[in-house]
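Chemist: Next comes the sequence, and after it the predicted model I'd like to discuss.
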Amino acid sequence: MPGNIILTGFFGSGKKTIGRILAEKCGFSFLSTDLFMELEERAILGDAFFPGEEILYHPCSLELAEKISPLSGTVIAWGSRAPFDEEYRKLFSKSDRIVYLHVDHDIFLDRVEHRLLPLEWDRQKLSDLYQELSESHVQADHTCDTSMREAGQAAEEIASALNLPRASEETYSEDIKTDASGKHVIQVGNKLSSFLSDRVKELAPRKVAIISNPLVASLFFNKIAGLCGETEIQAFCVPDGEEFKTLSTAERIYGFLLTEGYSRSDLLIALGGGVIGDLCGFVASTYKRGMPVIQIPTTLLAQVDSAIGGKTGINHSRGKNMIGTFYQPEMVISSTAFLQCLPEREFRNGLAEVIKYAIIRDHKLFSFLADRKSDILARKPETLQQIVSCCSKIKTCIVSKDEREELGIREVLNFGHTVGHMIETLTGYTRYRHGEAVAIGMAVEAQICRDKGFLKKKDCEKILTLISDYSLPVSIPEDIDSTRFKEMLTQDKKVRQDMIRLPVPEKIGRAEVKEVECGKFL
């Protein structure tokens, strides 16, 4: 995976303008640390963001820099000094490269003279800081003089100097229908589609609210907003993390929608991973008894699983997804371009759900995952598109036969989730990501099926090997209390009269739901 391109330079050097052009040219994502810090603050306070608002300069704190540093394939418009400080440099990957955007002193002062800056930043202080930065730029990997150069020319120079890749042509698979009516569709491709614009026009909302978390909104909000036409757009961000997928967070979103006068004919867009998708879907299904929602999943896990099928949910202290609804989104747009900037751990997290589909329904996909590991981990766009499309078709096929999980057909999708959800709950949703917990669940449940004679030993070994090959965990942590674990099992939604319905893999590529006594399960 390519590293990040970090653009630094003082006010007026063109970091944001050049950064956006460079990202578009090279197929990278773009992030402004100013916008990220603004949205991070608003997420804590519960304030909406209106595009076009003036964003003041903030020096990027080390804490926020740590949240940005795991990204890959992203052009980052950073503050003027942070990249050259030793503490910050430790956060960067060896493949990250710093580009210093130089601007002549007098041109710099002219450009920033009318900027809205803190009062204490007088002309002399700006000159002093300019001199300090000019002396430190020798540490940059490349210096680009933007004094008398158009932004597009500067972006081209940087792309050539750093030998950056160029954006690929837009490709899309066929629309995947999620129900017989054809109203709800999934579109899989390598870029955002004008299809979103067309759907927004059809729905004709007066207002659109994009629900996201600060980092994802910083990366993609402007692109999504640009596809919504002239409709009034707002962003409402919630802090990142499974621990925020709660009724109290939903209540904050309700309050925002009511305060801003959203009607049931307006539109919500869920922009993010599984937490945002579940939370936004739940709010959409319950706000004024239901309003349209479009899912734009930005993680691999969400694209192949959580954004599909219409399940929404929020967590309770007694368990994960204990409160929820069945509510189909108007559409799902799965762009593999989002996956290029995912931190490595988050990308592998999503591969757990891909492995799940291979185990329960598609032995060819299982072989593909085993044979094409290098292409998958390199995130080749055509490979990712093939995986996302395949998993989307498997899930929609299952869901279409049992949308509300009343016939037992849909329960096969829960493979690994019984144990996985309990691990997430018992570790406070902080130690493991969802896919990592599911990986442990699949490994444990596969071994249980092997011990009970449902699954052949060689198939169990193949499953454990594949999970491990993608650097996912395969065992329950030793510090989890087994008594508490068994108590939680009896509270699982799938338990009926001390019997739990579990997906049982009979061989790789085929699983059936069977009833197992809770006492014999673990």
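Modeler: Alright, I've got the coordinates.
Chemist: In the stretch 401-522 of the chain, what residue spans correspond to helices?
Modeler: Per DSSP state H, counting those that start in this stretch, the stretch 401-522 of the chain carries helices over the ranges 417-426, 434-451, 457-469, 482-490, 518-521.
Chemist: roughly how far out does the first one sit from the chain middle?
Modeler: If I follow you right, that is helix 417-426. 21 Å (CA atoms, centre = their mean, to the nearest Å).
Chemist: Show me what it is packed up against.
Modeler: Applying 3 or more CB pairs under 8 Å, 6 or more residues apart in numbering; DSSP states H and E, we find helix 417-426 packed against strand 319-323, helix 434-451, helix 482-490. No exception for glycine: its C-beta is placed from N, CA and C like everyone else's.
Chemist: For beta bridges, what are the partners of the residue lying closest to residue 514 once chain neighbours are set aside?
Modeler: Ranked by CB to CB, 6 or more residues apart in numbering and with sequence neighbours excluded, the top spatial neighbour of residue 514 is residue 504, at 4.7 Å. In this entry, residue 504 is beta-bridged to residue 512, by DSSP bridges.
Chemist: pretty sure residue 504 is touching residue 513, no?
Modeler: Yes: applying CB atoms under 8 Å, one finds residue 504 in contact with residue 513, separated by 7.1 Å.
Chemist: higher neighbour count, those two?
Modeler: Higher neighbour count among residue 504 and residue 513: residue 504, with 22 against 17, using other CB atoms under 10 Å.
Chemist: how much space between that one and residue 47?
Modeler: Remark: distance between residue 504 and residue 47 (CB to CB, to the nearest Å) = 48 Å.
Chemist: before we move on, what about residue 511?
Modeler: Taking CB to CB, one finds residue 511 at 46 Å from residue 47.
Chemist: Same check on residue 12?
Modeler: 28 Å.
Chemist: Equivalent analysis for residue 93, please.
Modeler: Separation of residue 93 from residue 47 (CB to CB) stands at 33 Å.
Chemist: one step back: right, and the helices of the stretch 401-522 of the chain - which one's nearest residue 208?
Modeler: In terms of CB to CB, the element of the helices of the stretch 401-522 of the chain nearest to residue 208 is helix 434-451, at 27.5 Å.
Chemist: what angle do the closest one and helix 457-469 make?
Modeler: Relative orientation of helix 434-451 and helix 457-469, computed by axes from the mean of the first three to the mean of the last three CA atoms, to 10 degrees: 160 degrees.
Chemist: Can you give the contact residues for helix 434-451?
Modeler: 242, 274, 301, 348-353, 355-356, 359, 415-421, 423-424, 432, 455-457, 460, 463-464, 467, 472-476, 502-505, 521-522 (CB atoms under 8 Å, 6 or more residues apart in numbering).
Chemist: now, of the helices and strands packed on helix 417-426, which is deepest in the fold?
Modeler: helix 434-451 (a mean of 24; mean count of other CB atoms under 10 Å).
Chemist: Direction-wise, compare that one with helix 417-426 and give the angle.
Modeler: Here helix 434-451 runs at an angle of 130 degrees relative to helix 417-426 (the same axes, to 10 degrees).
Chemist: which one of residue 12 and residue 47 has more residues nearby?
Modeler: Per other CB under 10 Å, whichever of residue 12 and residue 47 has more neighbours is residue 12, with 19 against 14.
Chemist: Confirm the more buried one sits in a helix?
Modeler: No: going by DSSP: H, G, I helix; E, B strand; the rest coil, the assignment for residue 12 is coil, not a helix.
Chemist: oh, and call the first residue 470 from now on, that's how I've got it
Modeler: All set: I'll call the first residue 470, so the last point we hit is now residue 481.
Chemist: from what I can see it touches residue 575, true?
Modeler: No: look at residue 481 against residue 575 with CB under 8 Å: they stay out of range, at 11.2 Å.
Chemist: give me the low-pLDDT residue ranges for this protein?
Modeler: 470, 521-528, 549-553, 582-590, 602, 604-607, 642-643, 648-651, 959-966, 987-991 (pLDDT under 70).
Chemist: what would the helices and strands packed on helix 886-895 look like in JSON lines with distance to residue 490?
Modeler: Shown next, in JSON lines, are these (distance: least, CB to CB, whole Å):
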{"stretch": "strand 788-792", "distance to residue 490": "42"}
{"stretch": "helix 903-920", "distance to residue 490": "34"}
{"stretch": "helix 951-959", "distance to residue 490": "52"}
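Chemist: right, so of those, which gets closest to residue 805?
Modeler: helix 903-920 (17.2 Å).
Chemist: so that closest one versus strand 788-792, what angle?
Modeler: Using the same axes, to 10 degrees: helix 903-920 against strand 788-792 is 100 degrees.
Chemist: From residue 770, how far out is the closest residue to residue 931 other than its chain neighbours?
Modeler: Leaving aside its sequence neighbours, residue 931 sits nearest to residue 977 (CB to CB, 6+ apart; 6.3 Å). Distance, residue 977 to residue 770, by CB to CB: 21 Å.
Chemist: Quick check: residue 487 touching residue 569?
Modeler: No: contact criterion CB under 8 Å: residue 487 and residue 569 do not qualify, at 11.9 Å.
Chemist: Many thanks, have a good one.
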